[in-house]
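Enquirer: Structure here, sequence nowhere to be found:
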């Protein structure tokens, strides 16, 4: 059962996690060890010694090289063995895999598939995460579910009404119409709620940023980039001031940035951040927003893990679809397309019935 | 490996467990959600939303309907979807399974098989559990073993001598002869121990109820009703006063009521109660007897779970039988018959060698 | 996947562990119950009642017989059933397996294979463990790895330099040349480090035993006896006094005794002891050495369990070999030979590539 493509950039770590020490992480079932070299560049090696398979992450970093903690074999950042104990000559085939790596937008991206295809231009766009016009922060959580369930979750925000009824949930979302479009690697769901009373969260944001309160135009523009990145453009502006037509100058804007890396078929590393374009210098607000989003995502986590257990208990049972699933269905199709390109004849694991 | 029939009534809950809230329980590998409707009737639905499989038990009860905790689909007590988010028309195929349910003798019984066969007349007879001529109470324990091991255990009470040597065990039981008979759905083991010194438990009961002590005639009449209900008629009467011939007026009588519901192939819900026909109004005695039986069943639980682990470690290894297993062998044959009727060509999982 | 031969003596317990009570232990996937009879002899039976498979270890010892804790069947030390409840005649086929057993060198050895082949002369030589010319003590630890990983570990002591860098590790070991030889059931690795500064441990031993300090000749002679016993002759003597030629009178000598019994394919019972030929009467030194070795072996345990998890995650992936693995490769070949003799056509589980 293939549930993810290998020829893709996946976030393996937040930038701050990778230091001058060994960090073990599994991406797409591949155990990796990450470390930062003396020149600041990140190296990512297969986390298993060529000799006896001990995880290299149990050894130690010596300069820019990794020393195995069992028999002392040494590997450089290209994965080549540069020292073997008690012997002068080194077996030329002695090496571990080195993964292509790019550090961008505060994430360390690795390419678990064919290195020849690892084009840095394909790194997903999450530039808001280190753009000086935006401020914010995020977290990494490990969720015990197929990463695609997280994508499904993000592609349909009507769930806010039911899962997050205690926080950001609002019947306006479930009732507003939306438009779903798609390209070769992207799918977009756009929802405008015009001339509404803002929910408490957004009322507080616009009051804090502009000292203003009243009816607003609210937007949610969810952009999926295959296989597992979702950037959500959210915000409100004074009603009728042209936000939908492109003038957001009377509003406040946030970006919910998400990239979800498969660890195994049924677990994932979920990296997220919340960036805003207002009150940039207020560290207290950054802290408040990050912890507030963390509380909301913990509600999703509970649902997602229960859903995974239900799937595990019902092998072969299909999902059914509603109108609200148009965006999720497009993202699934784009993922399936990437998988099928790598696995001729491969079938998606969870068949999707057409919506009624 | 089929270990239980589906076309049968199984106790899913004690009556008091089912309230105006959602209760999750698995019966015969089927995840169910139980709740009591406004009119007092119990509803039992499949515990997985039609849409994305989230357990409905993670949602909430709204009137007599269940609201899914993910996207807000609503189901009525028949399992039909009555509301979908963001759409006017409802897919007519949208539903979850509703299970036939009967509440009787303090248990909520469900029928996991073909609903057309769910005849309430087939609910096992445990009427002592709410008969005003009897008083008592019981418990539910989850045991990590095949439910049939519990049936085996109850069908042969010589184990009392060894497992319960610290409480009700008594060599008299292991040494007394017994008679095993059977019908189409029942098997009965009858053991009379006449003119004996009563064991401490029964000496105390007859002294407490009748102010009398001395030699007794003691009986154990174990009645199995396929697939998993065992009612045990136990008691003592003054020796030689005709109890065996039918006059129990000089004795005390208890009913050990047991029904054991498969949760999975190797776990079960064990419902039991102890009812008596003496000192009916004494709540303190009810409490004492219930807790005393609970201590005894905890001894069985330890043995049953060890036995299951031994079976798991020796796939395919047969049980051997002794003369004492006549009742257990009949109950196994009746269970196997029910399974085979549903699974043409199916074989019982644990082959039984003929007794030597 | 066969990972161990059955026709071999395996240590099942330390002598002191087996008393006048029932001890459960699994050897080569076979659940056994051990106990000491009235005459001091150890009996070892299959740990599953013939009747209903309950582990006999959950019953009780009565004289030299075992009473099952469920229905009271009784077995003698030969595994024959001598009593059945409620019946006069005993089924003559009623028995459990009795294992050949030898108590020698402080271990209780069992033979899980064909009893006809159980020749006591094949018990591995660990005589130092109860030789009055030696003093010492040891422990039993359960390690979650294939027992052969422990053998590999012991057959190449260069790992001391990296795993035990905080205690006995020393670059001298990784750098010293060694000689590997082998016989039909044994493989030996001999390493002499002549005229060296002793590492702290050995400096302390020779100073304590002989009041002397200075440069030494140091030796490590590792002797593997198939399938799973490794006796390591270690020590130092004053440099140039002829230790290598056979005169160790100016030195101190220890024996690291190891026998590793497969519990399952991926867990083992690791019995070890450290015996010395100096300061024999000093119980405090025995205690210090035992606890010191225990700390060192805990470092190995961490590595071995990580290695096993890595193997489990990479089914089919071969080990690669270095020059230092000559001893381990011979021990693996001898083990494979024993397995193949029992399993015509059987293949070793972890293929070994030839060293470069």
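Expert: Happy to help now that I have it. Only a predicted model underlies this, so the values are computations on that prediction, with no experimental measurement involved.
Enquirer: ranges for the helices of the stretch 1-150 of chain A?
Expert: A:147-155 (DSSP state H, counting those that start in this stretch).
Enquirer: Oh, that last question was meant for the stretch 151-300 of chain A, not what I typed.
Expert: Using DSSP H, counting those that start in this stretch, helices in the stretch 151-300 of chain A cover A:159-163, A:171-175, A:200-210, A:283-313.
Enquirer: quick one, the longest one and helix A:200-210 angle?
Expert: Same thing as helix A:283-313. Angle of helix A:283-313 versus helix A:200-210, following axes from the mean of the first three to the mean of the last three Cα atoms, to 10 degrees, is 160 degrees.
Enquirer: which stretch in the helices of the stretch 151-300 of chain A is the model least sure about?
Expert: For those, the weakest mean pLDDT is recorded on helix A:171-175, namely a mean of 75.
Enquirer: Which elements pack onto that one?
Expert: Using 3 or more Cβ pairs under 8 Å, 6 or more residues apart in numbering or on different chains; DSSP states H and E, the elements in contact with helix A:171-175 are helix A:159-163, strand A:186-196. Quick note: C-beta positions are derived from backbone N, CA and C, even for glycine.
Enquirer: beta partners of the residue nearest to the spatial centre of chain A?
Expert: Chain A has residue A:259 as the residue nearest its centroid, 0.9 Å off, counting by Cα atoms, centre = their mean. Counting by DSSP bridges, residue A:259 is bridged to residue A:229, residue A:271.
Enquirer: Residue A:276: what's it in contact with?
Expert: Counting by Cβ atoms under 8 Å, 6 or more residues apart in numbering or on different chains, residue A:276 touches A:134, A:135, A:136, A:205, A:252, A:253, A:254, A:255, A:285, A:289.
Enquirer: Who does the second one form a beta bridge with?
Expert: What it means is residue A:135. residue A:276.
Enquirer: Next, count neighbours for it.
Expert: A count of nearby residues for residue A:135, using other Cβ atoms under 10 Å in any protein chain shown, gives 20.
Enquirer: Per-residue pLDDT of it, please?
Expert: 97.
Enquirer: ok, now which ones touch it?
Expert: A:275, A:276, A:279, A:280, A:281, A:282, A:286.
Enquirer: The helices of the stretch 151-300 of chain A into CSV, with extra columns for mean neighbour count?
Expert: Compiled in CSV, the helices of the stretch 151-300 of chain A are given as follows (neighbours: other Cβ atoms under 10 Å in any protein chain shown):
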stretch, mean neighbour count
helix A:159-163, 23
helix A:171-175, 17
helix A:200-210, 16
helix A:283-313, 17
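Enquirer: so where's the stretch 251-356 of chain A uncertain?
Expert: A:344-356 (pLDDT under 70).
Enquirer: Closest approach to chain C from it, which residue is it?
Expert: Relative to chain C, the nearest point of the stretch 251-356 of chain A is residue A:264 (10.1 Å; Cβ to the nearest Cβ).
Enquirer: Quickly note the distance from that residue to residue C:61.
Expert: Remark: distance between residue A:264 and residue C:61 (Cβ to Cβ, to the nearest Å) = 47 Å.
Enquirer: and if you look at residue A:9?
Expert: Shown here: residue A:9 relative to residue C:61, a distance of 65 Å by Cβ to Cβ.
Enquirer: When these two are compared, which one has more neighbours?
Expert: residue A:9 (26 against 18).
Enquirer: interface residues of chain A facing chain C?
Expert: Within chain A, the positions adjacent to chain C are A:31, A:48, A:50-55, A:58-59, A:67-73, A:84-87, A:89, A:91, A:93-94 by Cβ under 8 Å from any Cβ of the partner chain.
Enquirer: Buried ones among those residues?
Expert: A:31, A:48, A:50-55, A:58-59, A:67-73, A:84-86, A:91, A:94 (16 or more other Cβ atoms under 10 Å in any protein chain shown).
Enquirer: So which of the helices of the stretch 151-300 of chain A is nearest residue C:141?
Expert: Closest to residue C:141 of the helices of the stretch 151-300 of chain A, according to Cβ to Cβ: helix A:283-313, at 35.0 Å.
Enquirer: Next SSE downstream of that closest one?
Expert: For helix A:283-313, the following helix or strand on the C-terminal side (DSSP states H and E) is helix A:326-342.
Enquirer: Mind giving me the packing neighbours of that following helix?
Expert: Other elements packing on helix A:326-342 under the criterion 3+ Cβ pairs under 8 Å, 6+ apart are helix A:147-155, strand A:179-182, strand A:186-196, strand A:216-225.
Enquirer: per-residue confidence at the residue of chain A found nearest chain C?
Expert: Closest to chain C within chain A is residue A:91: 3.5 Å, counting by Cβ to the nearest Cβ. Residue A:91 carries a pLDDT value of 89.
Enquirer: That one contacts residue A:83, correct?
Expert: No. Counting by Cβ atoms under 8 Å, residue A:91 does not reach residue A:83; the two are 11.7 Å apart.
Enquirer: what number of residues lie near residue A:247?
Expert: Neighbour tally, residue A:247, other Cβ under 10 Å: 11.
Enquirer: where does it land on pLDDT?
Expert: At residue A:247, pLDDT is 97.
Enquirer: Can you give me the distance of it to residue C:10?
Expert: Taking Cβ to Cβ, one finds residue A:247 at 81 Å from residue C:10.
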